[in-house]
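Novice: from the sequence below, what's the structure:
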Amino acid sequence: MGKAIKAMPAALGFRVKSGWAMAVLLAGPSNAPRLATCQTVLLSDPKIPQSKQPYHAALDLPGEEGKAIAKELGRVVVSAAKESVKELLKQADANGYRVAGAGLVVGSLVDPATLHNEHIRAHGLEGRLFRTALEDALREQKLRYKVFVEKDALSTASALLQVSAAKAKRVIASLGDSHEGAWRAEEKLAALAAWVALTTSG
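Specialist: Residues are numbered from 1 along each chain as shown. Here you go, the predicted structure:
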């Protein structure tokens with residue numbers, strides 16, 4: 001009988017956007033992470049275009065009707081996030097990786113209730129919805145996670161990784177060498193969050 005192959009430690013990182021997220025899976029030892037996968041995942045339903053911006057869809061509707069539409073579209077977002085996380089974990093498992101944790105990078109953690117402009121508040125509510133939907137999906141899978149705000153992500157991650165910001169940037173940039181597609185800010189931030197999760201999840 002062959003010896004069972006031990007799954008390689010891995011972690012997920014996400015840059016959360018409106019209706020989707022960039023997802024990166026890093027694997028291997030935390031002092032030499034390697035890129036396993038990099039892909040966009042859905043946090044909305046393509047068959048329901050309004051689910052990409054649920055609160056904007058409700059803006060022009062009267063009070064209660066608007067609230068009902070936003071709530072219904074919110075359920076679509078939660079369901080999409082759960083499906084995407086399940087699929088990512090299924091792929092990772094099939095490829096011999098054991099996902100130990102995750103990191104999320106978001107644009108802001110500002111309380112939408114403090115935003116007085118209706119349009120800006122809709123953006124804030126959507127940002128919170130997509131983040132919390134992803135958090136719920138990760139919790140459901142018993143995965144620990146950490147949330148970073150984009151503007152502070154590099155400095156916060158560097159401190160947790162115990163490396164300089166310059167070194168963190170170099171490592172993240174080099175991970176893109178093995179990726180066939182673009183390696184832009186979204187991919188880099190997702191990779192940074194995954195690296196922290198790989199280092200701290202144990």
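Novice: residue contacts, residue 103?
Specialist: Contacts here follow Cβ atoms under 8 Å, 6 or more residues apart in numbering; on that basis residue 103 touches 11-14, 145-148, 192-197. The C-beta positions use only the backbone N, C-alpha and C, and glycine is treated the same way.
Novice: from the chain's centroid, how far away is the longest helix seen in the chain?
Specialist: Ranked by number of residues, the top helix in the chain under DSSP state H is helix 63-94. Mean-position distance between helix 63-94 and its chain equals 13 Å (Cα atoms, centre = their mean, to the nearest Å).
Novice: re earlier: so which of the contacts of residue 103 belong to strands?
Specialist: 11, 12, 13, 14, 145, 146, 147, 148 (DSSP state E).
Novice: out of those, who's nearest residue 31?
Specialist: residue 11 (13.8 Å; Cβ to Cβ).
Novice: what's the mean pLDDT across stretch 68-88?
Specialist: The average pLDDT within stretch 68-88 is 94.
Novice: need the CA coordinates for it. PDB is fine.
Specialist: Extracted C-alpha coordinates of stretch 68-88, given in PDB (Å, rounded to 0.1, in the frame of the first residue of the first chain):
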ATOM      1  CA  ALA A  68     -37.100  44.700   0.400                       C
ATOM      2  CA  ILE A  69     -35.100  44.700  -2.900                       C
ATOM      3  CA  ALA A  70     -31.800  45.400  -1.100                       C
ATOM      4  CA  LYS A  71     -32.500  42.600   1.400                       C
ATOM      5  CA  GLU A  72     -33.400  40.100  -1.400                       C
ATOM      6  CA  LEU A  73     -30.300  41.000  -3.400                       C
ATOM      7  CA  GLY A  74     -28.300  40.700  -0.200                       C
ATOM      8  CA  ARG A  75     -29.400  37.100   0.100                       C
ATOM      9  CA  VAL A  76     -28.100  36.500  -3.500                       C
ATOM     10  CA  VAL A  77     -24.700  37.900  -2.500                       C
ATOM     11  CA  VAL A  78     -24.500  35.700   0.600                       C
ATOM     12  CA  SER A  79     -25.400  32.600  -1.400                       C
ATOM     13  CA  ALA A  80     -22.800  33.500  -4.100                       C
ATOM     14  CA  ALA A  81     -20.000  34.000  -1.600                       C
ATOM     15  CA  LYS A  82     -20.700  30.700   0.100                       C
ATOM     16  CA  GLU A  83     -20.700  28.900  -3.300                       C
ATOM     17  CA  SER A  84     -17.400  30.600  -4.300                       C
ATOM     18  CA  VAL A  85     -15.600  29.700  -1.100                       C
ATOM     19  CA  LYS A  86     -16.800  26.100  -1.200                       C
ATOM     20  CA  GLU A  87     -15.600  25.800  -4.800                       C
ATOM     21  CA  LEU A  88     -12.200  27.300  -3.900                       C
END
